[in-house]
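[1] Give the three-dimensional model of this entry:
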Amino acid sequence: MTKMIDIDPEESPRARFAYELRRHRLAARLTQKQLARRIGFSTSAVAMVETCKFRPSEHFAGLCDQVFGLEGDLGRLYLEVWPPPPPVPAHFRDWAIEEQRATALRFWAPLLIPGMLQTEAFARRIFEREPGLTCEQMEERFAGRMQRRSIFSRTDPPTVMCLIDEGVLHRPVGGAEVMREQLEHLLEMATRPKVTIQIVPYGAEALSGLIGAYAIAEMRGNAYTVRVESQPRGRTITDRDTITEIIDRYDAVRADAYPQHLSCKIIKEAVTEKWT
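    Next up, the predicted model:
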């Protein structure tokens, strides 16, 4: 008999699906083995979905809806939990999904403006300079990056907190016109009620936290996934101990950051003194 493990549906989107699956199974008075037989999956697969150890397929969710006599409830929840990702590279797909459904996102950007805060011209320049990309691949990645920005158009967009190294304001990506437009876009984004942009000064000494870009996805106050960038490609992490360590580093960097009103002043100075 599989040991019952308590699942908090508020912990993460995946936990919410696991919780709802088990709730409906128990309401139908089915064991994991009985449900597995009815949907054509192994008992271990059902058990691992219910304990957040295995990501099911949309087909799995649909079959469970049929068995429980639901009108697509689990199928719709599946698409909320694992929505179709934007057209992004395979190694970035897991993060792109988490980014779309998180209720809060935190970014540390030591080298470039974070993707979802980039202007079209800034993003295009980055892809133009990436070695080995074909024109088709460049257009696909550009479309994916622009699609990621759609979260800001939602009725209830996520809270976004972004720490940007001061040096990023002075790195000439695409020239003066591109940089001026990009920094003015940052200033416009900072006026939005759920967006916080803070500049980390050259003199910041949270040294361990400064190394490498990363992002943190939260669901209702719980950090559950991080994206760590590295060469040639980054990775998406769900390990709790690693997430805790990255949050600690983020907080250390933020402690050295300028508050938003001073950060906006520094961005405006870069626009007028460097890029005008």
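
[2] Residue 157 reaches residue 151, doesn't it?
    Yes: applying Cβ atoms under 8 Å, one finds residue 157 in contact with residue 151, separated by 5.5 Å. To be clear about C-beta, it is placed using only N, CA and C from the backbone, and glycine gets the same treatment.

[3] My guess is residue 147 contacts residue 83. True?
    No: counting by Cβ under 8 Å, residue 83 is not a contact partner of residue 147; they are 11.5 Å apart.

[4] where are the low-confidence patches of the stretch 1-150 of the chain?
    For the stretch 1-150 of the chain, applying pLDDT under 70 flags the ranges 1-5.

[5] where exactly do the helices run in it?
    Taking DSSP state H, counting those that start in this stretch as the criterion, the stretch 1-150 of the chain contains helices spanning 13-27, 32-39, 43-50, 58-68, 73-81, 93-101, 120-128, 135-148.

[6] most neighbours per residue, which of these?
    Among the helices of the stretch 1-150 of the chain, helix 93-101 has the highest mean neighbour count (mean count of other Cβ atoms under 10 Å), at a mean of 21.

[7] What angle do helix 13-27 and that one make with each other?
    Using axes from the mean of the first three to the mean of the last three Cα atoms, to 10 degrees, one finds that helix 93-101 and helix 13-27 are set 80 degrees apart in direction.

[8] CA atoms of helix 93-101 as PDB?
    C-alpha atoms of helix 93-101 as PDB (Å, rounded to 0.1, in the frame of the first residue of the first chain):
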ATOM      1  CA  ARG A  93      10.800  25.500 -22.000                       C
ATOM      2  CA  ASP A  94      10.300  24.400 -18.400                       C
ATOM      3  CA  TRP A  95      11.100  27.900 -17.100                       C
ATOM      4  CA  ALA A  96       9.000  29.600 -19.800                       C
ATOM      5  CA  ILE A  97       6.000  27.600 -18.500                       C
ATOM      6  CA  GLU A  98       6.700  28.500 -14.800                       C
ATOM      7  CA  GLU A  99       7.200  32.200 -15.800                       C
ATOM      8  CA  GLN A 100       3.800  32.300 -17.300                       C
ATOM      9  CA  ARG A 101       1.900  31.000 -14.300                       C
END
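
[9] which residues are in contact with that helix?
    Residues outside helix 93-101 that contact it (Cβ atoms under 8 Å, 6 or more residues apart in numbering) are 13, 80-83, 85-86, 88, 105, 116, 144, 148, 151, 215, 217, 219, 224-225, 227, 234, 236.

[10] Residue 198: helix or strand, and which one exactly?
    Element membership of residue 198 [criterion: DSSP states H and E] is strand 195-200.

[11] Pull out the buried residues from the helix or strand following that strand.
    Next helix or strand after strand 195-200 toward the C-terminus (DSSP H and E): helix 207-210. Neighbour-count burial for helix 207-210 flags 209-210 (criterion: 16 or more other Cβ atoms under 10 Å).

[12] other SSEs contacting helix 207-210?
    helix 240-255 (3 or more Cβ pairs under 8 Å, 6 or more residues apart in numbering; DSSP states H and E).

[13] starting at the chain centroid, how far to the strand holding residue 198?
    Centroid separation for strand 195-200 versus its chain: 17 Å, with Cα atoms, centre = their mean, to the nearest Å.

[14] ok, residues contacting it?
    Contacts for strand 195-200 (Cβ under 8 Å, 6+ apart): 110, 152, 159-166, 169, 186, 189-190, 210, 253-254, 256-260, 262-264, 266-267.

[15] Which of those residues fall within helices?
    186, 189, 210, 253-254, 260, 262-264, 266-267 (DSSP state H).

[16] hang on, the earlier thing: what pairs with the strand holding residue 198, and is each one parallel or antiparallel?
    According to DSSP bridges, strand 195-200 forms sheet pairs with strand 159-165 (parallel).

[17] got a list of contacts for the partner strand?
    With contact meaning Cβ under 8 Å, 6+ apart, strand 159-165 is reached by 103-111, 113-114, 116-117, 186, 194-200, 210, 250, 253-254, 257.
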